[in-house]
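1. Following is a predicted model, sequence given first.
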Amino acid sequence: MEQLIPWLVFCTAFLALSLWKPPAARIFLGVFFILMAVAVNLVWSLVAPELFVTLGTDDPLVPFYVWVFQNVVTLSPQGFGALAAAGELTVGLLILSHGWKVKIGLALAVAFLLLITPLGIWTLPNPVMAAGAAWLMTKDFPRSLVQILRARRRPAETQLSEGTG
């Protein structure tokens, strides 16, 4: 329960950022998913895979989650963690790409956030973050994070090449 309020504040701040500065929110969300994949799910799967079983059996809001975690996740908690990490990493990389790939990544982020919402009271703010991601789906992101960073690193070259022709 003590995680509920900080997570609600975090998700609300992300929603506000999505409405105020969509490009920054898109980059933030992509990096967030990558960090969660590597720093949480990958590390847990290597160090404490049993935490994945506990995650779904401690206090889920939907009883079906207990069954899934007791009967499916327990077969290979390490594999489940690695799969979760791979999924989040993929979502993050798609969000940081460009064009239609960003929209797919955002749609997957919304689905993921909503899918894990019933894990407990502490995940109830997830739909707030999902709303921010859904709002970002209404925007176009023609450049990837890599393209944005390259353009900032070489602004003089970009101006010269755009000015010729």
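-> In hand now; what should we look at?

2. Buried ones in the helix ranked longest in the chain, by neighbour count?
-> Among the segments of the chain that qualify as a helix by DSSP state H, the longest is helix 77-95. By 16 or more other CB atoms under 10 Å, the buried positions in helix 77-95 come out as 77, 80-82, 84-85, 88-95. Using the backbone N, CA and C atoms, a C-beta is placed for each residue, glycine as well.

3. so which of the residues you listed comes closest to residue 118?
-> The closest of these to residue 118 turns out to be residue 84 (CB to CB; 15.6 Å).

4. what's near enough to touch that closest one?
-> 37, 41, 45, 52 (CB atoms under 8 Å, 6 or more residues apart in numbering).

5. where does it land on pLDDT?
-> Looking at residue 84, its pLDDT reads 96.

6. Give me the distance between it and residue 32.
-> Plainly put, residue 84 is 15 Å away from residue 32 if you go by CB to CB, to the nearest Å.

7. What of residue 146?
-> Distance from residue 146 to residue 32, by CB to CB: 18 Å.

8. And residue 98, by the same measure?
-> 18 Å.

9. returning to that earlier point: take the buried residues of helix 77-95 and write them to TSV, including distance to residue 70.
-> Below are those laid out as TSV (distance: CB to CB, whole Å):
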residue	distance to residue 70
77	11
80	12
81	16
82	19
84	17
85	21
88	23
89	26
90	27
91	26
92	29
93	32
94	31
95	32
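
10. Is it possible to get TSV of the contacts of residue 84 that adds neighbour count?
-> What follows is those, written out as TSV (neighbours: other CB atoms under 10 Å):
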residue	neighbour count
37	22
41	22
45	21
52	23
